[in-house]
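Novice: this is a predicted model, with the sequence first.
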Amino acid sequence: MNVQQPNSFRVGPDEHGHFGIHGGRFVAETLMPLILELEQAYAQAKNDPGFRGEMDRHLADYVGRPSPLYFAERLTAHLGGAQVFFKREDLNHTGAHKVNNVLGQIMLAKRMGKPRVIAETGAGMHGVATATLCAKFGLDCVVYMGEVDVGRQQPNVLRMQALGAEVRPVTSGAKTLKDAMNEALRDWVTNVEQTFYCIGTVAGPHPYPMMVRDFQSIIGEETREQMLAATGRLPDSLIACIGGGSNAIGLFHPFLDEPQIEIFGVEAAGHGLASGLHAASIAGGRPGVLHGNRTYLLMDDDGQIKEAHSISAGLDYPGVGPEHAWLNDVERVKYLSATDEEALAAFRLCSRLEGIIPALEPAHALAKAMELAPARPQEHLMVVNLSGRGDKDLASVAAHLGGAL
Ligand SMILES: *Cc1c(COP(=O)(O)O)cnc(C)c1O
């Protein structure tokens, strides 16, 4: 394919939220004033040193940033190629990268005078992060969650309730994430005045994909400084898993205009792309509209959204953020996929060689790092985004491995 490449990969989206043919804002007319209000409030907050300063303070004292950049010495020796580093987002408060974004959005909700926050969640991790920050900032929190997910993610439901949030089970459709998303949008339309909608990944109508990316970009900004301090130069490759794509774009974005750096996003291939049971929207989907934006989606022949399948609930999003869809089209980022089996093998290896139990989501990124690192020279510096910790996944890993952890 011969692709027209832009002068910079970091300037998007345009004023209507487009990344190439992707993105935009496909929302009900009643929501439009609200989206414009949010866009304006975010633009002002971004340029307010007071807002930035307060956010930096909470990132340091509450989230625990900067997260370390860790040289995975035994994994590197085992793979026998590139030097592998982990960006340790698993060490953040609440155990994953999601808190970086939720902190920003909840501070914005507070600034906009919204007393009530709604969110949707699949695995429950975004719901927990939202409930956490709502507790800290004294806001009411309602989390929509498919009834099926409420059943299979009990520990996170209890966490949200302990934090004072109301969890509303959604009984429409397949009773999973997509249905919870629809329900949250319906709530927003109904309660526009008092409600802030907190989205957990780089999806939704503009300005969400841009705003969430900006809040997560601290991952890549820190990585840049930390790698320079540790080795005197920038990394040669970056690898991150893709659900909606927020941890990945957070790592990638500050590096997009360094053409010598190889960048890899890893989707969940579930039982394999050919099986149809996967969550790989770029590899196995086509462009359509969902959740207020145009992007690659898993759809059947009639254009109905299909359920995403993978061993990691956090990657089971039937779409992908519009900026990733565009970075794929312009060939700046290479999108790969890892199966359940590959992720499980990486989960085991990382736990045993490094004493770090990764979440199953970043285990997909680790699986591809295990493939790519041996084919690269020893001077090659590779960064894997360790987006979250794996305690939450131990029961499902044990179930898959027949109890033999
Ligand atoms: C939610 C989650 C993901 C997937 O979300 P992205 O928006 O793609 O980052 C990845 N890793 C962990 C640990 C998560 O909790």
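Specialist: That came through, no problem.

Novice: from here on, just use CA atoms for contacts and neighbour counts.
Specialist: Noted.

Novice: those strands in the stretch 151-300 of the chain, which residues are they?
Specialist: Assigned by DSSP state E, counting those that start in this stretch, the stretch 151-300 of the chain shows strands spanning 166-170, 195-197, 237-241, 262-270, 286-290, 293-297.

Novice: CA atoms only for the fourth one, dumped as CSV, please.
Specialist: Coordinates of each C-alpha in strand 262-270 appear next as CSV, following Å, rounded to 0.1, in the frame of the first residue of the first chain:
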residue,chain,number,x,y,z
GLU,A,262,9.2,0.8,16.0
ILE,A,263,5.8,0.8,17.6
PHE,A,264,3.6,-2.2,18.1
GLY,A,265,0.0,-2.4,19.4
VAL,A,266,-1.2,-5.9,20.4
GLU,A,267,-4.9,-6.9,20.1
ALA,A,268,-6.4,-10.0,21.7
ALA,A,269,-6.7,-12.8,19.2
GLY,A,270,-8.7,-15.0,21.7
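
Novice: who are the contact partners of the residue nearest in space to the middle of the chain?
Specialist: Nearest to the geometric centre of the chain sits residue 246, at 3.1 Å (C-alpha atoms, centre = their mean). By C-alpha atoms under 8 Å, 6 or more residues apart in numbering, residue 246 lies in contact with 201, 202, 212, 213, 216, 321.

Novice: and for residue 326?
Specialist: Shown in contact with residue 326 (C-alpha under 8 Å, 6+ apart): 19, 20, 21, 22.

Novice: tally of neighbours for the third one?
Specialist: Going back to what we said before, that points to residue 21. 14 (other C-alpha atoms under 10 Å).

Novice: the contacts of residue 246: which ones sit near the ligand?
Specialist: residue 201 (C-alpha under 6 Å from any ligand atom).

Novice: farthest-separated two in the contacts of residue 246?
Specialist: 216 and 321 (13.3 Å; C-alpha to C-alpha).

Novice: would you mind measuring from residue 274 to residue 311?
Specialist: 16 Å (C-alpha to C-alpha, to the nearest Å).

Novice: count the residues that sit near residue 396.
Specialist: 14.

Novice: now swap in residue 218 and tell me
Specialist: When neighbours are counted by other C-alpha under 10 Å, residue 218 registers 21.

Novice: once you drop chain neighbours, what's closest to it?
Specialist: Excluding the flanking residues, the one nearest residue 218 by C-alpha to C-alpha, 6 or more residues apart in numbering is residue 250, at 6.6 Å.

Novice: can you give me the helices in the stretch 151-300 of the chain?
Specialist: 154-162, 177-190, 208-216, 218-231, 246-252, 281-284 (DSSP state H, counting those that start in this stretch).
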